[in-house]
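Student: Mind folding the following:
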Amino acid sequence: MSLRPLYRSLLASIGMIALPLAHATVLMSVRGVVHDPHHRPIADASITLRAANSDFVENEKTNSNGEFSLFAVPLGVYIITAAQPGFETAQQTVTVAANTSPVLHFELQVAAIRESVTVNTSTVAANVDSITPTTLVSREDIARTPGADRTNSLAMITDYVPGAYMTHDMLHMRGGHELSWMIDGVNIPNTNIASNIAPQIDPKDIDYLEVDRGSYRASQGDRTYGVFDVVPRSGFERNREGELVLTLGNFYQTNDQLSLGDHSQKFAWYTSLNGNRSNYGLQPPIETPVHNASNGYGGFASFIYNHDPSNQMRLVTQLRADYYQIPYDPDPDDWQNHDYDSSGLRDGEHETDGYAAFTWVHNFNSASVLQLSPFYHYNDAKYDPDLQDLPTATSSDQTGNYAGVQTSISTVIAKNSLSTGFYAYSQHEHDVFGVIFNDRSNPDFSQPEQITGGVEEIFAEDSYKPATWLTVIAGLRQSNFQGAISESVLYPRVGVAVLIPRLKWVFRGFYGRFYQPPPLTSLSGPALKYANGANTSFVSLKGERNEEHQFGVQIPWRGWLLDADTFETRANNFLDHSNVGESSIFIPVTVQGALIQAWELTIHTPSLWRLGQAHLAYSNQIAQQIGPITGGLICYPPDSPSCAVAPGYSALDHDQRNTLNVGMNGKLPYHGYASFNIYYGSGFSNGYQNPPSPFTGAYLPGHVSADLSIGKEFGENFSVSVEAQNIANTRRLLDNSLTFGGFHYNDPRQIYGEVRYRFHF
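Tutor: Model prediction:
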């Protein structure tokens, strides 16, 4: 692929900043009006926005119309104060979410003589500004939820987000694999979903995590199944302070981090180093983990500089390395080894990941904001076999380099919030596939593949708010992909949210179409010949195309917030993965079609009896596929009887009809705290129903596990906790899809202690 079109598009996108269009995707704006009891505007009132859990502050004055605007506000929870001499001070708590611009109203009462009164408003309200169902997880939630702050844990997602679960060592959500990670709203591209195990970021480096579940605006990209937007630690929560986190538990596990941070009025910085190891890493093919150690280390840094009220610069960077032994079943006569014999494996997976994203935020005026974010991402996944593996030792080294830019510009005109933007990256993929034939059936080979491609996407959208109770969105996103094939699509997205005034319920509806670019993967020469010998061949992958419609409702009641939705996603060229022969090397594939239907429920409570907050996430989901494999490793020869596919829909290998998480983060006397989470899964689809498998039904048995954390704070700088996951040590076969070592059982009981010590430097 020629890179000239990409560079021309990059230059064109920078030129677009002069257009009067809008909506920031990295940082949000908060607007409002201040008036007296007779609805006359109050000019020059002092507005202060302060983060609920750090020293992040923005100040502003109201104009002659009593209006104010605050820009460059990260996702999170904030306390906003309006004050003016002669009036009582008013205060509101607001949650800033992606693709929203909260509009607040402050009515200041005339102050009584010699009295000082602050009016507080902190009730939970349904969000009429957003069409997207979201889940916001704070750093306190991550620290208190059992197991959530470990480097390789994704409990911060699976415990709080409906339809999200781990199976065959990969995160699945809403029936799909392709999930997008953002840092400060900047996309971190990665197309190698079939070869990566390690999570994208250490949870201990997260300030807030917003999880978006479908119904995306045109500015939010195309990863249909889920978007994770990370607001990293910034240093605003630190005053020349450091924190040391140490853990020790069974399986000889430890998970440690040293972090430092500080801030001034204009500059904030945060940096951390982490390391971990355990004798339990991946989900094993039998109840007892064998050859299952893991270890990793990494570093993270965040810098924020407020040059002046109109210009802010942000830099986020990370580098990490991880290693996993591939577990196996040592008994070749076990029924688990009947379909895929893992007894001879002694393999390992090395992964290295690094990224850097820089963001410049510029306010042209009180209504228009520019954001420009160049980024770079490096990802390498290397599967190393034992050279004596029988019958073959298969190896894979997949290295991707991504360099690109994301830019947007936003403005508010009358009742319209307009936006346009550009997102593009160029990718260079260098893959090496090799096989050592220890059975002497074929000559050994090592086949390199180098592929270059890229993505260009342009979006434009409008959020129209004709009344306080109604929001209408409409947008278009054009995607252009160039690689082994070239594809170009232009897709619409429309949605509406309606607030029922007396009930304060919000109903929302959405229809949209999405295009997800395919991975840059290819096989040729000896590698293709080997695939042909394993009854497979390789066909260039096409992008996945999705159509989604979704309906939902938010119901607030006395501090409780219930959010329910139902959605249907239809996919063409559904992205999945398949292994090469008798190996744990996985190549992406596309299936002709998929249909995912579900309804979801989340409940968040206020502080219950002053003890803490509870949460519930439930999903009832059907995830099905139809037709043959159309791209990647296809069945070969395709017209043979062995490649025939039964008509109609069948369950995807990660289809689980019912998934429930319920938990609570609570407070105990004497500065103590306790948290628990109970997980229930009704059982994933059973892909191996024939003897000698003991499971003959369409679905595997259900499974339940309970996690618990108990801790105590000693002053402001020292805390100790004990955490236990899967307390009852219930073991169940999760799934029997042949990925990373064969079948997969759920995690065994893990117990460990954690110490946190904060210090000044």
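Student: drop to CA atoms for contacts and neighbour counts, all remaining ones
Tutor: Noted.
Student: OK, contacts around the spatially closest residue to residue 632 that is not a sequence neighbour?
Tutor: Spatial nearest neighbour of residue 632, chain neighbours left out: residue 589 (4.3 Å); criterion: CA to CA, 6 or more residues apart in numbering. Shown in contact with residue 589 (CA atoms under 8 Å, 6 or more residues apart in numbering): 541, 575, 576, 577, 578, 629, 630, 631, 632, 633, 634.
Student: Where does the second one sit: helix, strand or coil?
Tutor: Reducing the assignment at residue 575 to three states with DSSP: H, G, I helix; E, B strand; the rest coil gives strand.
Student: how many neighbours does it have?
Tutor: Counted with other CA atoms under 10 Å, the neighbours of residue 575 add up to 30.
Student: same check, this time on the first one
Tutor: Look at residue 541: counted by other CA under 10 Å, it has 24 neighbours.
Student: three-state assignment of it?
Tutor: Residue 541 - assigned by three-state DSSP - is coil.
Student: Need the per-residue pLDDT for it.
Tutor: Predicted confidence (pLDDT) for residue 541: 89.
Student: Quick check: it touching residue 517?
Tutor: No. Using CA atoms under 8 Å, residue 541 makes no contact with residue 517, being 9.2 Å away.
Student: Can you say which helix or strand has the residue nearest to residue 632 in it?
Tutor: Using DSSP states H and E, residue 589 falls within strand 586-604.
Student: Okay, now the sheet partners of that strand, with direction.
Tutor: Take DSSP bridges as the rule and strand 586-604 pairs in its sheet with strand 560-579 (antiparallel), strand 612-635 (antiparallel).
Student: Tabulate those strands (JSON lines), appending mean pLDDT and distance to residue 508.
Tutor: Listed next are the strands paired with strand 586-604 as JSON lines, based on pLDDT from 0 to 100; distance: least, CA to CA, whole Å:
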{"stretch": "strand 560-579", "mean pLDDT": "92", "distance to residue 508": "9"}
{"stretch": "strand 612-635", "mean pLDDT": "92", "distance to residue 508": "19"}
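Student: Identify whichever of those lies nearest to residue 643.
Tutor: Taking CA to CA, strand 612-635 is the member of these nearest to residue 643, at 5.6 Å.
Student: Let's see the closest one as CSV, backbone CA atoms only.
Tutor: C-alpha atoms of strand 612-635 as CSV (Å, rounded to 0.1, in the frame of the first residue of the first chain):
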residue,chain,number,x,y,z
GLY,A,612,-21.4,1.2,51.1
GLN,A,613,-22.7,0.9,47.5
ALA,A,614,-24.0,-2.2,45.8
HIS,A,615,-23.9,-3.0,42.1
LEU,A,616,-25.6,-5.6,39.8
ALA,A,617,-24.9,-6.4,36.1
TYR,A,618,-27.1,-9.0,34.3
SER,A,619,-27.2,-10.1,30.7
ASN,A,620,-29.5,-12.6,28.9
GLN,A,621,-27.8,-13.2,25.6
ILE,A,622,-28.0,-15.4,22.5
ALA,A,623,-24.9,-15.3,20.2
GLN,A,624,-25.1,-17.3,17.0
GLN,A,625,-23.3,-17.8,13.8
ILE,A,626,-24.4,-18.8,10.3
GLY,A,627,-22.6,-20.0,7.2
PRO,A,628,-19.0,-21.1,6.5
ILE,A,629,-15.7,-19.4,7.2
THR,A,630,-15.2,-16.8,4.5
GLY,A,631,-11.8,-15.3,5.2
GLY,A,632,-8.5,-16.2,6.9
LEU,A,633,-8.1,-19.9,7.6
ILE,A,634,-10.9,-21.4,5.5
CYS,A,635,-11.8,-25.1,5.3
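Student: coming back round to it: ok, and the most crowded of the contacts of residue 589?
Tutor: residue 575 (30 neighbours).
Student: before we move on, back to that, how about the strands paired with strand 586-604 in JSON lines, adding distance to residue 708?
Tutor: Below are the strands paired with strand 586-604 laid out as JSON lines (distance: least, CA to CA, whole Å):
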{"stretch": "strand 560-579", "distance to residue 708": "24"}
{"stretch": "strand 612-635", "distance to residue 708": "14"}
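Student: between those, which gets nearest to residue 304?
Tutor: strand 612-635 (31.8 Å).
Student: which residues touch residue 552?
Tutor: So residue 552 contacts 133, 507, 508, 509, 563, 564, 565, 566 (CA under 8 Å, 6+ apart).
Student: switch the cut-off to 10 Å
Tutor: 131-133, 497, 506-510, 563-567, 599-601 (CA atoms under 10 Å, 6 or more residues apart in numbering).
Student: Buried residues, whichever strand or helix holds residue 303. List them.
Tutor: Secondary-structure assignment from DSSP H and E places residue 303 in strand 294-308. Residues of strand 294-308 classed as buried: 294-306 (neighbour count, 16 or more other CA atoms under 10 Å).
Student: Ok, stretch 607-616 next?
Tutor: 611, 612, 613, 614, 615, 616.
Student: Endpoints of that stretch, how far apart?
Tutor: Using CA to CA, to the nearest Å, one end of stretch 607-616 lies 14 Å from the other.
Student: burial measure for residue 468, as a count.
Tutor: 12.
Student: if I look at it, how far off is residue 105?
Tutor: From residue 468 to residue 105 the distance is 11 Å (CA to CA).
Student: which residues does residue 74 contact?
Tutor: Residues counted as contacts of residue 74 (CA under 10 Å, 6+ apart) are 26-29, 51, 56, 96-98, 184-185, 208, 230-232.
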